[in-house]
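Asker: Structure here, sequence nowhere to be found:
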Ligand SMILES: Cc1cc2nc3c(=O)[nH]c(=O)nc-3n(C[C@H](O)[C@H](O)[C@H](O)COP(=O)(O)OP(=O)(O)OC[C@H]3O[C@@H](n4cnc5c(N)ncnc54)[C@H](O)[C@@H]3O)c2cc1C
């Protein structure tokens with residue numbers, strides 16, 4: 001049963017005499033553990049209609065490049081096969097996703113869409129709701145606790161958010177039943193691109209290809225599930241102690257899959273909770289509290305990607321210290337090429353450029369140093385977001401905006417005053433050396449490949 005609070009009508013149009021029910025897949029790009037898909041199956045059966053799924057492939061999603069598209073298209077190819085196995089046709093067309101959905105809605109009795117939290121995703125849904133003649137219902141499937149249930153205000157920190165989320169978990173941490181729709185849509189004649197060959201589809205899009213592929217990641221639900229199982233078998237017990245240590249590669253690597261919706265956070269949470277192991281609580285703190293706090297941030301703060309989105313106290317203290325002398329000052333281009341005096345920072349930057357990901361602890365250090373070494377904190381915020389979103393396979397996610405903003409004081413509290421940072425928390429190279437075998441991390445990154453030449 002799908003909790004009614006996951007479902008929201010985006011317009012109030014009457015049912016139409018359509019040939020199918022349309023599920024416009026946008027954020028939850030998967031055929032498994034997808035509340036929007038299952039809701040659409042139920043409605044199609046009720047109306048005795050087949051279910052058609054559509055995906056609008058926009059070649060100009062802001063800040064996305066071929067690294068991101070390749071991964072996404074690999075997932076889409078698998079989703080297409082999995083839907084077919086349930087008698088459901090996936091229609092893929094190039095164009096703005098809302099326009100593709102509106103065009104296909106002309107044959108639909110009603111339409112369903114999953115929920116996205118970023119400005120553009122919200123705008124697409126609003127425009128589609130306005131332009132469709134049929135009802136458009138949104139079903140939230142990429143949050144364990146629906147964002148509006150978790151909290152109706154912008155949360156100050158994990159400490160304020162955690163009890164609210166935990167109070168609701170029991171109602172939402174429930175498996176989702178799945179079934180094939182009674183009527184197949186495979187015979188419907190609806191023109192579509194063939195998503196079966198991701199490389200060919202990618203070549204046809206003409207997107208920015210200046211960032212190389214992320215070699216360690218293959219998109220799709222199967223790869224995501226394999227990663228999760230590997231993590232549970234080998235690293236989960238160790239997670240509370242090892243997760244912060246960049247010299248030990250002990251994280252799940254699930255963030256790109258969560259970002260593209262290739263795996264459901266609910267599925268991950270249920271699998272982890274079922275282990276009952278010693279690492280489960282620490283992992284669920286990240287997956288549930290931290291990740292859904294980031295959803296709360298972008299859903300509630302319209303300036304989530306701008307200086308104005310930072311807390312008043314941190315903006316004030318950073319402005320007060322904006323003119324402080326910086327020991328080191330680097331341009332965006334120098335940072336992008338990993339040309340700083342700091343071998344640990346350079347290693348983190350290279351890890352991101354070469355592999356498409358960066359160890360979670362190093363992301364904090366990396367962002368703090370961009371703040372410290374830029375001419376002005378506003379410039380630093382823009383640079384950190386630019387680099388993060390260009391190179392991280394999981395970039396352009398609510399977590400990207402919350403993670404970068406954290407380096408500038410978001411979801412944190414004032415600390416002891418220091419030059420440049422004011423009362424925003426600072427991090428030091430000495431701290432890395434004290435806590436970890438950080439040279440082992442540098443050597444790990446060196447093994448990835450020769451130094452990068454991004455341009
Ligand atoms: C400056 C900075 C930039 C960041 N940019 C991104 C980004 O672009 N995309 C992104 O997904 N995450 C980002 N994060 C958050 C976090 O670092 C990553 O989610 C995590 O490192 C991903 O690796 P993993 O899946 O192996 O994590 P694991 O440790 O295995 O955690 C499992 C899941 O829990 C969630 N999670 C873990 N840590 C955090 C956290 N600190 N905040 C929110 N959720 C978390 C993620 O969904 C993650 O996939 C950023 C953090 C900082 C400080």
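Answerer: Sure, I can see it. Owing to the predicted nature of the structure, the values given are computational and were not obtained by experimental measurement.
Asker: could you say which helix or strand contains residue 38?
Answerer: Following DSSP states H and E, one finds residue 38 within helix 35-46.
Asker: immediately after that helix, which helix or strand?
Answerer: Once helix 35-46 ends, the next helix or strand along the chain (criterion: DSSP H and E) is strand 51-57.
Asker: Adjacent strands (with direction) for that next one?
Answerer: Next to strand 51-57 in the sheet, as set by DSSP bridges, lie strand 20-24 (parallel), strand 89-94 (parallel).
Asker: per-residue confidence averaged over the shortest one?
Answerer: Averaging pLDDT along strand 20-24 gives 98.
Asker: residues making contact with it?
Answerer: Counting by CB atoms under 8 Å, 6 or more residues apart in numbering, the neighbours of strand 20-24 from elsewhere in the structure are 36-37, 40, 43-44, 47, 49-56, 97, 100-101, 104-105, 107-113, 128, 134, 185, 188. Backbone N, C-alpha and C define where each C-beta goes, glycine included.
Asker: What residues of the helix holding residue 38 count as buried?
Answerer: Of the residues in helix 35-46, those scored as buried under the neighbour-count criterion (16 or more other CB atoms under 10 Å) are 35, 36, 37, 38, 39, 40, 41, 42, 43, 44, 45.
Asker: Return the angle between stretch directions for that helix and strand 51-57.
Answerer: In terms of direction (axes from the mean of the first three to the mean of the last three CA atoms, to 10 degrees), helix 35-46 departs from strand 51-57 by 140 degrees.
Asker: Off-centre distance for helix 35-46?
Answerer: The chain centroid and the centroid of helix 35-46 are separated by 25 Å, computed with CA atoms, centre = their mean, to the nearest Å.
Asker: now for it, which elements pack on it?
Answerer: The elements that helix 35-46 packs onto, with contact taken as 3 or more CB pairs under 8 Å, 6 or more residues apart in numbering; DSSP states H and E, are strand 20-24, strand 51-57, strand 108-114, strand 136-139.
Asker: how about a markdown table for the ones you listed, with mean neighbour count and distance to the ligand added?
Answerer: Compiled in a markdown table, these are given as follows (neighbours: other CB atoms under 10 Å; distance: least, CB to the nearest ligand atom, whole Å):
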| stretch | mean neighbour count | distance to the ligand |
| --- | --- | --- |
| strand 20-24 | 29 | 24 |
| strand 51-57 | 25 | 22 |
| strand 108-114 | 27 | 17 |
| strand 136-139 | 22 | 21 |
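Asker: Looking at the ones you listed, spot the one closest to residue 361.
Answerer: Comparing those by their distance to residue 361 (CB to CB), the top pick is strand 108-114, with 31.4 Å.
Asker: What's the first helix or strand after that closest one?
Answerer: From strand 108-114 onward toward the C-terminus, using DSSP H and E, the following helix or strand is helix 119-131.
Asker: for that next one, packing partners?
Answerer: The helices and strands touching helix 119-131, judged by 3+ CB pairs under 8 Å, 6+ apart, are helix 97-105, strand 108-114, strand 136-139.
Asker: Can you pull out the residues in contact with that helix?
Answerer: When contacts are defined by CB under 8 Å, 6+ apart, helix 119-131 is touched by residues 10-11, 24, 26-27, 61-62, 96-98, 101-102, 105, 111, 113, 115-116, 136, 138, 302.
Asker: Thanks a lot, see you next time.
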